[in-house]
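[1] model this:
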Amino acid sequence: MSFCDEIWQDVEPLRRSILAHPFLAELAAGTLPPESFRHYIVQDSLYLAEYSRALALAAARAPTAAGRLEFSDGAKVAVQVEEALHQAFFASFGVTAQMAANSEATPACLGYTSYLSALAATRSYEELIAAILPCFWVYWEVGCAIKPRAAAPNPYSAWIDTYAAPSFGEATARVRALVDEAASNAGTGTRRAMADAFRIATRFEWMFWDSAYHRATWPI
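    Just a heads-up that it's a prediction; the model follows:
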């Protein structure tokens, strides 16, 4: 069993919790309150701006041409998604440019992006790409799980279609292959650190959706 298969199986309880979260259940049904989705897309825009930096840093540190190409392309796509998908949703859900510019990252968003930045700055390439992977793989699983049962019409269909698209699945598979390759060349300690990074990032994925569902802000 590959490293990715092992850690994917290990985080199965987390994945079940994500798939069962009311944010995603209501998004699939088309009944998610617009305020919760508005909170999500603003925070996701802030997240993707930092996630693209993490991908760019992974590209710079990648030991192979395949890694450099994949992560640099990923950084570009993250920016394109922010510009295209989010701007369309901003218009649909009443988010002005001024509102987006004045938005502050929530604890969940800041915690997630700061964790990725810390890995990029202080930890190994292997740990960094293991933490990058859940944003691909978890979203791919969510998109594929939601699309067959999504209500139609659905105000969130563009979001669902983006993450259930075969092209997104192909990108996920390529990043998985890079993580497996890195793990196969790593020692036991590094593989353990990679598993920890993957698990923590998956927890942040749940926290991100939960924060959006409750429209969380800083408590003080």
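[2] Report the residue spans of the chain with pLDDT below the cut-off.
    Within the chain, the stretches falling below the threshold (pLDDT under 70) are 81-83, 85-86.
[3] if I pick the residue most central in space within it, what's in contact with it?
    The centre of the chain sits closest to Cys135, judged by Cα atoms, centre = their mean, with a distance of 2.6 Å. Listed by Cβ atoms under 8 Å, 6 or more residues apart in numbering, the contact partners of Cys135 are Tyr51, Ala201, Glu205. Just so you know, the C-beta spots here come from the backbone N, C-alpha and C atoms, and that holds for glycine as well.
[4] In helices, which of those residues appear?
    When the contacts of Cys135 are checked against helices using DSSP state H, the ones located there are Tyr51, Ala201, Glu205.
[5] Tell me if I'm right that Phe37 and Ala158 touch.
    No - counting by Cβ atoms under 8 Å, Phe37 sits too far from Ala158 to count as a contact (11.4 Å).
[6] list the residues that contact both of these two?
    Residues touching both Phe37 and Ala158 (Cβ under 8 Å, 6+ apart): Phe89.
[7] of the two, who's got more company?
    Legend: neighbour count by other Cβ atoms under 10 Å for Phe37 and Ala158, higher for Phe37 (22 against 13).
[8] how close does that one get to Ala173?
    Computed with Cβ to Cβ, to the nearest Å, the distance linking Phe37 and Ala173 is 28 Å.
[9] and if you look at Ser92?
    When distance is defined by Cβ to Cβ, Ser92 is 31 Å away from Ala173.
[10] circling back: so what does the residue nearest to the centre of the chain have for phi and psi?
    Backbone torsions for Cys135, taken as degrees, to the nearest 10, come to phi -60, psi -30.
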